[in-house]
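Provided below for reference: sequence and predicted model.
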Amino acid sequence: MEQPTGHPRRWQILGVMVFSLLAIVLDNTILNVALKVIADPVAGLGATQSQLEWAINSYTLVFAGLLFTFGVLGDRFGRKRMLQVGMVLFGLASLASAYSTDPVQLIFARAAMGLGGAAVMPATLAIISNVFAPEERGKAIGIWAGGVGLAIAIGPITGGVLLEHFWWGSVFLVNVPVVIISSILIAFLVPESRNPDKAQLDPVGVLLSIVGLVGVVYGIIKGGELGTVADPEVWAPTLAGVAVLAAFVWHERRTAHPAFDVRYFAIPRFSTAVASVGLVFFAMMGVMFFLAFYLQIVKGYSPLQAGALVLPFAAAQLIFSPLSAQMVRRFGAKVVATTSLVVVAAALASYSFLQVDTSIWVFEIIGFVQGAAMANINPPATEAVMSSLPREKAGVGSAMTNTVRQVGGALGVAILGSLLSATYRTNVAGSLTVLPENLRHAAGESITATMGAAQALGPKGMTLIAPAKQAFMDGMHLTALSGAVVALIGAAVVAKWLPGKHASETPVARPESKEPAVV
């Protein structure tokens, strides 16, 4: 039960919540550095481009699909209990990921990690809201968000250090001690809390959302793998996924206890802000997917060096995130978000000017500018979401924003990753004639596969290296420009529909319902 001055151990509890979330956030940024090693058939698992996309998206789709459900379970059965369950699941799945013997095992283990992450994320915020009094809650959530930013910053360099000294599985194994320590601290420091209102679950909605998203993403990734959209393996699952998602929207509009209340999207301020978050993460995650390969294969940096080279992006977020709220107060959410999205689009478009021999300082400057702009997108979007809903529905806005962010990122990796794969396959095909015909298809799947084939061929294979790097750069340029276009669409959406600084901030109730939504 919330006390007038908050729980006496509230600051220690906040520290435990930030530490618990460390592994969840750290894992995704570490994984980006490890992609090249996991793709290596000798040092890693020999994962193909599509399998790497699934290793990222299996986690994201499960996480996004179950975020609301685990929030409800925590409210009903106890947030501390759900947090402990989530940490244990995440730790066990991290072990399974670390010791996977093939890419398929890794994909399923990553999905299990998404299950644990979905249980941890809403529980940490709910516990913070429960132990802090209203006057301190904003500061506490700000520290929690800062912890997330810190994890993003240290993830790449941590991954680089681990890969420099240990095998690829160490990037997952590092989660285990964090899970053990946080589980002990949770048991002794964190009080149990529940929501007295017994919320109901929406298993049909959860199932429809996951099945629909998996169908769409599978079709998109398969299209990049085959290099065509005409194959039934591409269009059949994609259309089936779209049909299931349409059924999901139909169901969510009619159920009394929706897992994802789509009716809130009838509020222009809410839908515009959430859409801007989804679009920018679509663009960013899709583009960042290729950066590990650019740094480690094209430029030849080690995993540790590649991790260090991503630090300007994270550092910019740490520097500018604390200033973003002040920017929103001074200029308004509309101006700040629109300007930031335009800058993100310009940064993404700048990647299209990079070449094999471009100075790495150009990459560093682009990354810093992109990070600074990203730091000023989430705060105005969050402010717009929260101001469009009643105060008691703040958790709804946070969960829906998180869900759209994850789904946008997953689709970005799938669509832009597939675009990169298809472009690379087309551009490198003419150079693969030095290989036996039965090896050409596999060698053309990705730059990692081509480099592996070149190495196996010996001196004759050295003729493949320069064409492979150039084919990758061509695909990277097209992917970066596509990401920039998506970010510009986000800017246009915000400029058109997000209310300005002096617009009414009065929250509105959920459309088409006199009762508050239960999530």
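Ah, there it is.

quick one, phi psi at Ala47?
Phi and psi for Ala47, reported as degrees, to the nearest 10, are phi -70, psi 140.

ok, it - contacts?
Going by CB atoms under 8 Å, 6 or more residues apart in numbering, Ala47 touches Ile38, Ala39, Ala55, Pro103, Leu106. Heads up, the C-betas are built off the backbone N, CA and C, glycines and all.

if we go to 6 Å?
Shown in contact with Ala47 (CB atoms under 6 Å, 6 or more residues apart in numbering): Ile38, Ala39, Pro103.

tally of neighbours for the last one?
By that I understand Pro103. 20 (other CB atoms under 10 Å).

so who does it touch?
Leu45, Ala47, Gln51.

hmm, 8 Å instead?
Pro103 makes contact with Ile38, Leu45, Gly46, Ala47, Thr48, Gln51, Leu52, Trp54, Ala55, according to CB under 8 Å, 6+ apart.

Among these, which one has the most neighbours?
When neighbours are counted by other CB under 10 Å, Leu52 leads the contacts of Pro103 with 29 neighbours.

Could you list which of the contacts of Pro103 belong to helices?
Among those, the ones falling in helices (DSSP state H) are Ile38, Gln51, Leu52, Trp54, Ala55.

Show the contacting residues for the nearest residue to Gly205 once chain neighbours are set aside.
Residue nearest to Gly205 in three dimensions, not counting chain neighbours: Ala259, with 3.8 Å by CB to CB, 6 or more residues apart in numbering. Each residue near Ala259 by CB under 8 Å, 6+ apart is listed here: Phe68, Thr69, Leu201, Asp202, Gly205, Val206, Ser209, Glu252, Val519.

at 10 Å instead, please
For Ala259, the contacting residues are 65-69, 71-72, 201-209, 248, 251-252, 399, 403, 519, by CB atoms under 10 Å, 6 or more residues apart in numbering.

go on, Ala495?
Contact analysis of Ala495 by CB under 10 Å, 6+ apart lists Thr272, Lys334, Val335, Ala337, Thr338, Thr339, Leu341, Val342.

Stretch 221-228: which residues count as buried?
Ile221, Lys222, Gly223, Gly224, Glu225, Leu226, Gly227 (16 or more other CB atoms under 10 Å).

Let me know the closest of those residues to Ala487.
Looking at the buried residues of stretch 221-228 and their distance to Ala487, the nearest is Gly224, at 20.8 Å (CB to CB).

neighbours around the closest residue to that closest one other than its chain neighbours, how many?
Of all residues not flanking Gly224 in the chain, Ser418 sits nearest, at 2.5 Å (CB to CB, 6+ apart). Ser418 has 27 neighbours, counted by other CB under 10 Å.

So for the closest residue to Ser50 other than its chain neighbours, what's the pLDDT?
Nearest residue to Ser50 in three dimensions, chain neighbours excluded: Glu225, at 4.4 Å (CB to CB, 6+ apart). Here, the pLDDT recorded for Glu225 equals 70.

My read is that Glu225 contacts Ala414, right?
No. At 11.1 Å, Glu225 does not count as touching Ala414 under the criterion of CB atoms under 10 Å.

which residues do the two both contact?
Joint contacts of Glu225 and Ala414 (CB under 10 Å, 6+ apart) are Ser50, Glu53.

what's the helix or strand Val62 falls within packed up against?
Assessed by DSSP states H and E, Val62 sits inside helix 49-77. Other elements packing on helix 49-77 under the criterion 3 or more CB pairs under 10 Å, 6 or more residues apart in numbering; DSSP states H and E are helix 10-39, helix 79-98, helix 103-131, helix 203-226, helix 268-293, helix 394-428, helix 447-457.

now that helix against helix 268-293, angle please.
On the basis of axes from the mean of the first three to the mean of the last three CA atoms, to 10 degrees, helix 49-77 is oriented at 140 degrees to helix 268-293.

residues of helix 49-77 that come out buried?
Buried-residue list, helix 49-77, by 16+ other CB under 10 Å: 49-76.

do the same with stretch 13-25
Ile13, Leu14, Val16, Met17, Val18, Phe19, Ser20, Leu21, Leu22, Ala23, Ile24, Val25.

Which single one of those residues is nearest to Ser183?
Out of these, the member with the shortest distance to Ser183 (by CB to CB) is Ser20, at 8.5 Å.

Could you measure from the residue nearest to the closest one when sequence neighbours are not counted over to Ile220?
With sequence-adjacent residues excluded and distances taken as CB to CB, 6+ apart, Ser20 is closest to Ser182, at 4.3 Å. Separation of Ser182 from Ile220 (CB to CB, to the nearest Å): 36 Å.

Put the alpha carbons of stretch 334-349 into PDB.
The C-alpha coordinates for stretch 334-349 follow below in PDB (Å, rounded to 0.1, in the frame of the first residue of the first chain):
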ATOM      1  CA  LYS A 334       5.300  19.500 -31.800                       C
ATOM      2  CA  VAL A 335       8.300  21.600 -32.700                       C
ATOM      3  CA  VAL A 336      10.800  19.500 -30.700                       C
ATOM      4  CA  ALA A 337       9.600  16.200 -32.100                       C
ATOM      5  CA  THR A 338       9.300  17.400 -35.700                       C
ATOM      6  CA  THR A 339      12.800  19.000 -35.700                       C
ATOM      7  CA  SER A 340      14.300  15.900 -34.100                       C
ATOM      8  CA  LEU A 341      12.700  13.500 -36.600                       C
ATOM      9  CA  VAL A 342      14.000  15.700 -39.500                       C
ATOM     10  CA  VAL A 343      17.500  15.500 -38.000                       C
ATOM     11  CA  VAL A 344      17.200  11.800 -37.500                       C
ATOM     12  CA  ALA A 345      16.200  11.500 -41.200                       C
ATOM     13  CA  ALA A 346      19.200  13.600 -42.200                       C
ATOM     14  CA  ALA A 347      21.500  11.400 -40.100                       C
ATOM     15  CA  LEU A 348      20.200   8.200 -41.600                       C
ATOM     16  CA  ALA A 349      20.500   9.700 -45.100                       C
END
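
Determine how far that stretch lies from the middle of the whole chain.
19 Å (CA atoms, centre = their mean, to the nearest Å).

ok, now stretch 121-130?
20 Å.

pLDDT on it, on average?
78.

Low-confidence stretches in the stretch 1-150 of the chain?
Across the stretch 1-150 of the chain, the ranges flagged by pLDDT under 70 are 1-5, 28, 137-138, 141-142, 145-146, 148-150.

so what's Gly278 closest to, chain neighbours aside?
Excluding the flanking residues, the one nearest Gly278 by CB to CB, 6+ apart is Gly408, at 3.5 Å.

can you pull the contacts of that neighbour?
By CB under 10 Å, 6+ apart, the contact list for Gly408 reads 60, 64, 274-286, 486, 490.

surely Val407 meets Ala275?
No. Here Val407 does not reach Ala275: they are 11.5 Å apart, not a contact under CB under 10 Å.

These two: who's more crowded?
A direct count of neighbours by other CB under 10 Å for Val407 and Ala275 places Val407 higher, at 24 against 20.
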